[in-house]
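[1] Predicted model and sequence follow; I will ask about them next.
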Amino acid sequence: MNAVMSSPSVEVERTASSGGTWFLQALTGVLLVILLGVHMVANHFIVAGGLRTYADVVAYLKNAFVFGWEIVFLAAVTWHALLGARTIVFDFGLGPQVERRVNVALTVIGVLTFAYGVWLSVRIVL
Amino acid sequence: MMSVQDRPARRDPLQWFNLRGRRGAGLWAFVAMRLSGIGLVVYLYLHLVILRQLAEGPAAWDQFVALAKSPAFLLLDVLLIAGILVHGLNGLRLTLISFGVGVAQQKTLLAGVVALTVVLTALSFYAIFFLKG
């Protein structure tokens, strides 16, 4: 995806991300439309009052397919969010050394975010 | 004829709102994408805090549900839905254009994004505030 098309008549947003990361950003973005769409419908739109009761949430998450779906959703949203944050931070035009540190910091934050979300989900179900 | 850009352009966030010499819907789409993205990243962590209430047990969850049904919180829900719609729909538009789909119709696509966002946000507002059942 390095061959970015750009001309005055074509407005395509490509900022400080390489082709590979941009592709993953687009891929997780499209995935999120489906993952988030199902999450919103199942957890909010079809639920009276917009929020499930405690017992309902636990019963819902105990379904292995639903649990797996929510974990994949967590992984995709964490990836997409932090890669997006990286793009904005890199827009400041930082030097290569600072960019490497930002990459490390965001990777650690991402892993911790995902791990915390999984831990919370497991704790809810058990 | 489109040219190939090897090094993606940077847009310093401090210059996002500097409109001098720049205009057009694309600029606003860019700013909306960035702002909604920042808001959604913040919401991701807020959602983990909410999930924490759930992990604490029924009492903590019921306390959160009571708070979540306050008008101010419901208004934030509408704002969240608007942010998701702006970011999601415009993201799909950008992905399509980047793969060479709908390049000639990008202004129409952007108009569609704006129209869908406004209509679906208005419907969400109505559903959240008037169809509470």
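    Now that the structure is in, tell me what you want to look at.
[2] Output the longest helix belonging to chain B.
    If you go by DSSP state H, chain B has its longest helix at helix B:25-56.
[3] Report the buried residues of the helix or strand just after it.
    Next along the chain after helix B:25-56, taking DSSP states H and E as the criterion, comes helix B:58-68. For helix B:58-68, the neighbour count (16 or more other CB atoms under 10 Å in any protein chain shown) marks B:61, B:64-65, B:68 as buried. Every residue, glycine included, has its C-beta placed from N, CA and C.
[4] Got phi/psi on the residue positioned nearest the centre of chain B?
    Centroid-nearest residue in chain B: B:Gly83, 2.5 Å away (criterion: CA atoms, centre = their mean). Dihedral pair for B:Gly83: phi -60, psi -40, per degrees, to the nearest 10.
[5] separation between the residue nearest to it when sequence neighbours are not counted and chain A?
    Nearest residue to B:Gly83 in three dimensions, chain neighbours excluded: B:Ser36, at 4.4 Å (CB to CB, 6 or more residues apart in numbering or on different chains). Distance, B:Ser36 to chain A, using CB to the nearest CB, to the nearest Å: 10 Å.
[6] Identify the residues contacting B:Ser36.
    Residues near B:Ser36 by CB atoms under 8 Å, 6 or more residues apart in numbering or on different chains: B:83-84, B:86-87.
[7] Tell me, how many residues neighbour A:Ala59?
    13 (other CB atoms under 10 Å in any protein chain shown).
[8] which stretches of chain A form helices?
    So, for chain A - with DSSP H - the helices run A:19-40, A:54-61, A:64-90, A:96-125.
[9] So which elements touch the longest one?
    What it means is helix A:96-125. Here helix A:96-125 touches helix A:54-61, helix A:64-90, helix B:25-56, going by 3 or more CB pairs under 8 Å, 6 or more residues apart in numbering or on different chains; DSSP states H and E.
[10] any idea of the mean pLDDT for the longest one?
    This points to helix B:25-56. Computed over helix B:25-56, the mean pLDDT rounds to 92.
[11] Stretch A:76-91 close to chain B?
    Yes: shown here: stretch A:76-91 in contact with chain B (CB under 8 Å from any CB of the partner chain) through A:77-78, A:81-82, A:84-85, A:88, A:90-91.
[12] Tabulate the helices of chain A (a markdown table), appending mean pLDDT.
    Below are those laid out as a markdown table (pLDDT from 0 to 100):
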| stretch | mean pLDDT |
| --- | --- |
| helix A:19-40 | 89 |
| helix A:54-61 | 92 |
| helix A:64-90 | 94 |
| helix A:96-125 | 95 |
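[13] dump the residue contacts of the most centrally placed residue in chain A.
    Nearest to the geometric centre of chain A sits A:Val77, at 1.4 Å (CA atoms, centre = their mean). For A:Val77, the contacting residues are A:28, A:32, A:35-36, B:44, by CB under 8 Å, 6+ apart.
[14] ok, now B:Phe129?
    Counting by CB under 8 Å, 6+ apart, B:Phe129 has contacts B:71, B:74.
[15] tell me the angle the helix or strand hosting it makes with helix B:25-56.
    Assessed by DSSP H and E, B:Phe129 sits inside helix B:106-130. Helix B:106-130 runs at 40 degrees relative to helix B:25-56, counting by axes from the mean of the first three to the mean of the last three CA atoms, to 10 degrees.
[16] buried ones in helix B:106-130?
    B:106, B:109-110, B:113-114, B:117, B:121, B:124-125, B:128.
[17] In this structure B:Leu51 contacts A:Trp119, no?
    No: counting by CB atoms under 8 Å, B:Leu51 stays clear of A:Trp119, with 10.0 Å between them.
[18] okay, the two: which has more neighbours?
    Comparing B:Leu51 with A:Trp119 by neighbour count (other CB under 10 Å), the higher total belongs to B:Leu51, at 19 against 11.
[19] tell me the contacts of that one?
    Neighbours of B:Leu51 in contact, by CB under 8 Å, 6+ apart: A:117, A:120-121, A:124.
[20] Fine, thanks again, bye for now.
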